[in-house]
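[1] Prediction below, plus the sequence it came from.
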Amino acid sequence: MFSFSIHARDKSSRARTGTFETPHGMVQTPELAIVATEGVIKSVPKEIYHELSLKYAIVNTFHILTKDILRPIEEAGGIHAYSKMNNVVLASDSGGFQVFSLGFGKAHQVGKVGGFFPGKELESTDENNPISIDSQGVEFSFDGKPVRLNPAISMDIQHRIGADIIFAFDECTSPLNTKGYTKKALGRTHAWILDCIQAHKGHEERQALFAIVQGGFFKDLREESASYMATLDVPGFGIGGSLGKTKDDMYDILSWTIPLLPDNKPRHLLGIGQVRDIFEAVERGVDLFDCVIPTREARHKVLYTKNGKIAVRKMRQVHTVFEAHCVCPACKTGVTYAQLAALFTEHHPDAFYYATVHNIAFFGRLMKEVRESITNGSFHTLKAEYLSFYP
RNA sequence: CCAGGGAUGGCGGAGUGGUCAAUCGCAACAGACUGUAAAUCUGUCGCCUUCGGGCUGCCAAGGUUCGAAUCCUUGUCCCUGGA
């Protein structure tokens, strides 16, 4: 039911194009998933989804569980029907990222491609994590209620959600975690993937379980993890964070791990998707991405264009559409920067809608151009073009 | 005409003798955002500054006081009842 075929390769890098086939159609790679955490794209009505030429989207196990939308999803007959994304390849994240984002990430106010915070370096140990983690799983506290997740629970929820690609329940560590801690967490992640595979037995035809490589910014741990995951009989791999302290750290991690993964299976770089990062990662062999940036930054008044990011606030006097060639619902109907700025000022929901659909369209085009450039040998030219506006 | 109420920084709106250049919200300005606790968060937001501080300032003009956005007088404008 799931198969990955590679169509073209870049001559001077690990970039490749391919197709990943699933029960709900295929994704052409490289592709970026739009994030629909609770099964919906924020600020875009479901009736519009079919106009967005969405190819790949991802939902979240932890948030679906805690917001009580598992039942509505099951009643609708699965996430594709619930989300009105019947022709979209859907993934679900396992909740492993929330182990970080609601744990050390929250405690230390740091992202997974972390900044470096003086005085906070490497203090992370079990004691100052607001979440309790042991070999049996993770105990969250959310809205004052305890929420438990482990491989079996996460797999069960993901089976009920019904996404095409599901991710193993892992422990995403923090850039501030010590090597000792990261190694311990990696041990759990490595044990848990076996539990996930076990729990997934019988569902392999319907959903593809991707294993996740961890190991922080430690070369030997990353190599150990990639080598270990490579031995497993899974249809694809995720590469998870912590991804170091800088972009270069992240690129190093990709260079370390990807050569150790089987060439004939897709690799999904979890949670990454800034323009430059997409090029650098594709170049190192990444096939799939997901990222909140297109949708989140839209709500934060940032528009993506081929000439760079644009702060809508500064465009009050500009009476043109966002991008003349764009066919997103906003550009198509002639919404101008000035109008968008005015809508943002009055907090009108359409502002969020217009900006979101445009950014989704931008990233859709970007990924298409990336694919075409790999096919016709112009990947590096395209990269240079984009990086001049997205340094 | 009578009786009340009110005028605060771009706007809304706190503050009723000192610790007030004046809480807070909005707007504005600058920045951040990478498996979404995010339509969020951070900083600036009277003028000048060598960042120590200096100056002007709460409708206007007088006054009381060591000290006034805060109390008194007059004026101007606005709102609400009454004739």
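    Yep, it's here.

[2] What distance do you get for the residue of the stretch 201-350 of chain A found nearest RNA strand B to A:Pro23?
    Using C-beta to the nearest atom of the strand, the closest approach of the stretch 201-350 of chain A to RNA strand B is made by A:Gly271 at 2.0 Å. Yep, even glycine has a C-beta here, placed from its N, CA and C like the rest. Look at A:Gly271 and A:Pro23: by C-beta to C-beta, to the nearest Å, they are 25 Å apart.

[3] who has more neighbours, the two?
    Comparing A:Gly271 with A:Pro23 by other C-beta atoms under 10 Å, the one with more neighbours is A:Gly271, at 26 against 14.

[4] Name the residues of the stretch 201-350 of chain A found near RNA strand B, please.
    A:212, A:214, A:238, A:240-241, A:247, A:270-274, A:277, A:290-293, A:295-297, A:299-302, A:311, A:313-314, A:316, A:341, A:345, A:347, A:349 (C-beta under 7 Å from any atom of the strand).

[5] Skipping adjacent residues, who's closest to A:Gly95 in space?
    Nearest residue to A:Gly95 in three dimensions, chain neighbours excluded: A:Phe62, at 3.8 Å (C-beta to C-beta, 6 or more residues apart in numbering).

[6] give the contact list for the one you found.
    Applying C-beta atoms under 8 Å, 6 or more residues apart in numbering to A:Phe62 gives the contacts A:93, A:95, A:98, A:140, A:147, A:149.

[7] Might you calculate how far whichever helix or strand it is part of sits from the centre of the chain?
    For A:Phe62, the host element (DSSP states H and E) is helix A:61-66. Between the mean C-alpha location of helix A:61-66 and the chain-wide mean there is a distance of 16 Å, by C-alpha atoms, centre = their mean, to the nearest Å.

[8] Over to the residue nearest to the spatial centre of chain A: give its phi and psi.
    Nearest residue to the geometric centre of chain A (C-alpha atoms, centre = their mean): A:Asp290, 2.4 Å. Main-chain torsions, A:Asp290, degrees, to the nearest 10: phi -150, psi 150.

[9] doesn't A:Glu31 make contact with it?
    No: the pair A:Asp290 / A:Glu31 is not scored as a contact, 9.4 Å apart, by C-beta atoms under 8 Å.

[10] Tell me the residues that contact both of the two, please.
    A:Tyr56.

[11] State the helix or strand in which A:Gln28 lies.
    A:Gln28 is part of strand A:25-29 when elements are defined by DSSP H and E.

[12] how distant is that strand from the center of its chain?
    In terms of C-alpha atoms, centre = their mean, the centre of strand A:25-29 is found 16 Å from the chain centre.

[13] Give me the angle between the helix or strand that it is followed by and strand A:25-29.
    Next helix or strand after strand A:25-29 toward the C-terminus (DSSP H and E): strand A:31-35. Counting by axes from the mean of the first three to the mean of the last three C-alpha atoms, to 10 degrees, strand A:31-35 lies at 120 degrees to strand A:25-29.

[14] Could I get the full set of strands for the stretch 251-391 of chain A?
    Along the stretch 251-391 of chain A, counting by DSSP state E, counting those that start in this stretch, strands occupy A:267-269, A:288-291, A:302-305, A:308-311.

[15] Quick check: which of those is nearest to A:Ala81?
    Proximity to A:Ala81 (C-beta to C-beta) singles out strand A:288-291 among the strands of the stretch 251-391 of chain A, at 21.0 Å.

[16] Touching, A:Tyr304 and A:Gly364? I think so.
    No: counting by C-beta under 8 Å, A:Tyr304 sits too far from A:Gly364 to count as a contact (10.8 Å).

[17] In terms of packing, which of these two has more residues around it?
    Per other C-beta under 10 Å, whichever of A:Tyr304 and A:Gly364 has more neighbours is A:Tyr304, with 26 against 20.

[18] Can you give me the pLDDT of that one?
    The model reports A:Tyr304 with a pLDDT of 98.

[19] And for it, nearest residue in space, chain neighbours not counted?
    With sequence-adjacent residues excluded and distances taken as C-beta to C-beta, 6+ apart, A:Tyr304 is closest to A:Phe362, at 4.1 Å.

[20] just A:Thr66 next, same as before
    Per C-beta to C-beta, 6+ apart, closest to A:Thr66 is A:Phe142, 5.1 Å.

[21] Let me know the distance separating the one you found from A:Lys383.
    On the measure of C-beta to C-beta, A:Phe142 and A:Lys383 end up 41 Å apart.

[22] who's more crowded, the two?
    A:Lys383 (22 against 15).

[23] Test my guess that that one contacts A:Asp277.
    No: taking contacts as C-beta under 8 Å, A:Lys383 lies outside contact range of A:Asp277: 11.6 Å.

[24] Residue ranges in chain A under the pLDDT threshold?
    Regions of chain A meeting the criterion pLDDT under 70 cover residues A:114-127.

[25] residue contacts, A:Ala168?
    A:94, A:96, A:151, A:189, A:192-193, A:196, A:209-212, A:238.

[26] For it, which non-adjacent residue is spatially closest?
    Nearest in space to A:Ala168, with sequence neighbours left out and distances taken as C-beta to C-beta, 6+ apart, is A:Cys196 at 4.4 Å.

[27] residues contacting that neighbour?
    A:94, A:151, A:154-155, A:168-169, A:209, A:211.

[28] host element of it?
    A:Cys196 belongs to helix A:179-200 when assigned by DSSP H and E.

[29] buried set for that helix?
    For helix A:179-200, a neighbour-count test (16 or more other C-beta atoms under 10 Å) marks A:181-186, A:188-190, A:192-193, A:195-197, A:199-200 as buried.

[30] chain center to it: distance?
    Relative to its parent chain, helix A:179-200 has a centroid offset of 20 Å by C-alpha atoms, centre = their mean.

[31] helices or strands next to the helix or strand that that helix is followed by in the packing?
    Following helix A:179-200 in sequence order, the next helix or strand is strand A:208-213 (DSSP H and E). With contacts taken as 3 or more C-beta pairs under 8 Å, 6 or more residues apart in numbering; DSSP states H and E, strand A:208-213 sits against strand A:165-167, helix A:179-200, helix A:219-230, strand A:236-239.
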